[in-house]
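Asks: Fold the following for me, if possible:
(4 chains)
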2 protein chains.
Amino acid sequence: MNLKQLSEQLNLSQTTVSRALNGYPEVNEATRKRVAEAAQRYRYRPNIRARTLATGKSMSIGHIIPLSRQSELVNMVFTDFVAGAGLVYAAHGFTMTLKIVEDAEELEAYSHFAEHGVVDGVIVQAPSCDDRRIAHLRDLDIPFVVHGRASNVSLPYDWLDVNNRRAFDQAARHLIELGHRRIALINGNERMDFAARRRVGFLSAMSEAELGADPLLMRSCDMSEPNGYTAASQMLDLSEPPTAFVVASIALALGVKRAVEDMGLRAGCQVSIICFDDDISYLPNAGAPPPFAAVRSSVRAAGKRCAAMLLDRIASPNRPAQQELWEVDLVRGASCGPGPFA
Amino acid sequence: MNLKQLSEQLNLSQTTVSRALNGYPEVNEATRKRVAEAAQRYRYRPNIRARTLATGKSMSIGHIIPLSRQSELVNMVFTDFVAGAGLVYAAHGFTMTLKIVEDAEELEAYSHFAEHGVVDGVIVQAPSCDDRRIAHLRDLDIPFVVHGRASNVSLPYDWLDVNNRRAFDQAARHLIELGHRRIALINGNERMDFAARRRVGFLSAMSEAELGADPLLMRSCDMSEPNGYTAASQMLDLSEPPTAFVVASIALALGVKRAVEDMGLRAGCQVSIICFDDDISYLPNAGAPPPFAAVRSSVRAAGKRCAAMLLDRIASPNRPAQQELWEVDLVRGASCGPGPFA
DNA sequence: GAATCGTCTCAAAGCGCTTTGGATACCTTA
DNA sequence: TAAGGTATCCAAAGCGCTTTGAGACGATTC
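Replies: Residues are numbered from 1 along each chain as shown, chains lettered A, B, ... in the order given. Okay, here's the model as predicted:
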């Protein structure tokens, strides 16, 4: 049953039926009711494809997830970010179009989305320090919001970011206050903007405490459990091992903890760990005290907010760029204890 | 630049241009070349919305992720499953349409997808034992593939499942061979089909070894780290605590391990753990030996295969239902050691 | 030279919706 | 009574593509 058939049943024009169903004012309440009832009775469902062609809006938001051939790693926060954003889209009648692409095809994928009119806007995740996607999307003239930001890109654009610098400054400071001096950094990939900023934050706390930054105690890698394990194992094997770790994610932290335990040590006793906690639903850092000391920011909440910002941007394409910087919560946890200088 | 304008530039009809670009045979190679070059030069991109309206195909696959208000838990395997499926879709020119819905609106969401023609087919994940979605999708007459299966649904339908019964039979058997007798089961939610089958497998190994199944040592819960922790802590506090655990996921296993360690015990020494390992990219159970003994099956591979099956089904709607049952790999790991009866 | 066949191209009819630009009838108001 | 409003409704023109059914043309066959 399509609009034409329905309107014939009702002895009305397609126009009137369409308007009645879409809540336009210029239709009599009695007819509107009659139309609604008929639509119900005949189970009329407007064809989305036809509607999007006619309106020029696809009512869908694009998310593009790059997958590198080597690492094959999908960021763990992806799930919860998408869950948050998806709920907001659904509440506004939008769907989400997801595309998994290999690294090299990423820019092309954005072009495809924009030029074919597949989506009305896109979310950009995990920007690098000088991310090419931002200029590219500006050229494509499609609404977008960045989760994170790109330090070396000076264009104005909408973003929502966590104060990563401050977060790692706080994290390192926490360890220093506990009496640690030899502190390691196990960071995410530092081509990523968030990781670069975290490094800056870490270093600022260290230098403020007049502690040198030993390159042997700083590692940048993809955020998986084994990478955390390997990095921490190697550092603990040094002649002057660290007594504490600042770590960029729960996944890495689990690996660090395993390394610590495999050395016969205990996290929170001989070695302390503090990590960034995205508050993932299936790996929440919960309990009293929680297992890991952490700086926490909910990635699901970020997903929701990014989605809302994007829908806003789509509704008013000309409003000035909007930015939000979220602070983290410092969470004390069992993985931290007093250091040798306490 | 649309098709009409392009065809005017070329002094050809829209028909010919369309056919030239879409590789139909009835067009001269010389003109095809001319058309291709012009399309390139003018950066012509066919409008997807118009194309889908004309063809009646949306070239998109639907994934619906239910999110319950209380637990707010997204299954950890989701990321990798979607990553696998997405690559296959992309290779065939399909996109993925994702919808996050609250539990109660799940069936409605499938109806929406089918009746509005939003997608050409859907993937069903995590079926319960008598999942209502299967009959519903059959009624909607839309192609679908189930990842897992529903024991109490007798309709023929396409599915791909892991042999969960056998997997947990093997897992329990492994512990028994190691000399364990008091073995606990920390399972997923047993309304889910995979969890119900795993329980059956666990029980069959236990009864074959003439070991009773103590209800105090069996737990069914959502698969998060804290749930694993809580369940294991309570069991270890019993007057006759278990010496080994069979656990339904890596997330749960991490919680179990934490509980074990918080009791001052060590996994692989006083207590053994074996778990189901979906081979998640950021939490791989890697190393020599890997930290956890496990029964392993790659959920990313499952995503790829489900996607391929669905595209097949869409291409030939009338072929008989197709089913695949995958066996797991038994992986020996550091979390298992000899039991008291070794 | 007529009939037949292939090859290449085209005009036009959809696909199912939204939206523009009236039309019609009925009320008000001066 | 005529002019101007207002409330309802409609015909038709898109949106940009695919696909049907047919025509034009030259080559081949008898």
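
Asks: Which stretches in the stretch 201-342 of chain A count as strands?
Replies: A:218-220, A:244-247, A:272-277, A:293-296, A:323-326, A:329-331 (DSSP state E, counting those that start in this stretch).

Asks: elements contacting the third one?
Replies: For strand A:272-277, the elements it packs on are helix A:164-177, strand A:244-247, helix A:250-262, strand A:293-296, judged by 3 or more Cβ pairs under 8 Å, 6 or more residues apart in numbering or on different chains; DSSP states H and E. The C-beta positions use only the backbone N, C-alpha and C, and glycine is treated the same way.

Asks: Off-centre distance for it?
Replies: 19 Å (Cα atoms, centre = their mean, to the nearest Å).

Asks: got the CA coordinates for that strand in CSV?
Replies: The C-alpha trace of strand A:272-277 is given here as CSV (Å, rounded to 0.1, in the frame of the first residue of the first chain):
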residue,chain,number,x,y,z
SER,A,272,51.0,1.4,41.5
ILE,A,273,48.9,1.9,38.4
ILE,A,274,46.6,4.7,37.4
CYS,A,275,44.8,4.6,34.1
PHE,A,276,42.4,6.5,31.9
ASP,A,277,39.0,4.9,32.3
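
Asks: does stretch A:145-162 come close to chain B?
Replies: No. Contact between stretch A:145-162 and chain B is absent, the nearest approach being 16.0 Å (criterion: Cβ under 8 Å from any Cβ of the partner chain).

Asks: Can you tell me what sits against that stretch?
Replies: The set of residues that contact stretch A:145-162 without belonging to it, under Cβ atoms under 8 Å, 6 or more residues apart in numbering or on different chains, is A:81, A:121, A:123-131, A:134-135, A:138, A:144, A:192-194, A:196-197, A:297, A:302-303, A:305-306, A:309-310, A:313, A:320-328.

Asks: Relative to A:Thr55, how far out is the residue in chain A positioned nearest to DNA strand C?
Replies: Scanning chain A for proximity to DNA strand C using Cβ to the nearest atom of the strand identifies A:Leu3 as nearest, at 2.8 Å. Between A:Leu3 and A:Thr55 the computed distance is 14 Å (Cβ to Cβ, to the nearest Å).

Asks: cool, A:Phe94 as well?
Replies: Relative to A:Thr55, A:Phe94 is positioned 13 Å away (criterion: Cβ to Cβ).

Asks: Secondary structure element holding A:Val74?
Replies: Taking DSSP states H and E as the criterion, A:Val74 maps to no regular element, lying outside all helices and strands.

Asks: Low-confidence ranges, the stretch 201-342 of chain A, go.
Replies: Per-residue confidence for the stretch 201-342 of chain A (pLDDT under 70) gives no ranges below the cut-off.

Asks: Write out the residues of it neighbouring chain B.
Replies: A:223-226, A:229, A:251, A:254, A:258, A:261, A:281-284, A:286-287, A:291, A:300.

Asks: pretty sure A:Asn47 is in contact with B:Gly117, am I right?
Replies: Yes. The pair A:Asn47 and B:Gly117 qualifies as a contact (Cβ atoms under 8 Å) at a distance of 5.7 Å.

Asks: What parts of the stretch 1-150 of chain A come near DNA strand C?
Replies: A:2-4, A:14-15, A:18-19, A:21-22, A:44-47, A:50-51, A:53-55 (Cβ under 7 Å from any atom of the strand).

Asks: Can you go through the residues of the stretch 201-342 of chain A next to chain B and name the buried ones?
Replies: Neighbour-count burial (16 or more other Cβ atoms under 10 Å in any protein chain shown) applied to these gives A:223-226, A:229, A:251, A:254, A:258, A:261, A:281-284, A:287, A:291, A:300.

Asks: Which members of these are the farthest-apart pair?
Replies: Comparing all pairs in these by Cβ to Cβ, the longest separation belongs to A:Glu261 and A:Arg300, at 29.8 Å.

Asks: still on that earlier bit, of the buried ones among the residues of the stretch 201-342 of chain A next to chain B, closest to B:Ser239?
Replies: For those, the minimum distance to B:Ser239 (Cβ to Cβ) is 24.5 Å, reached by A:Gly287.
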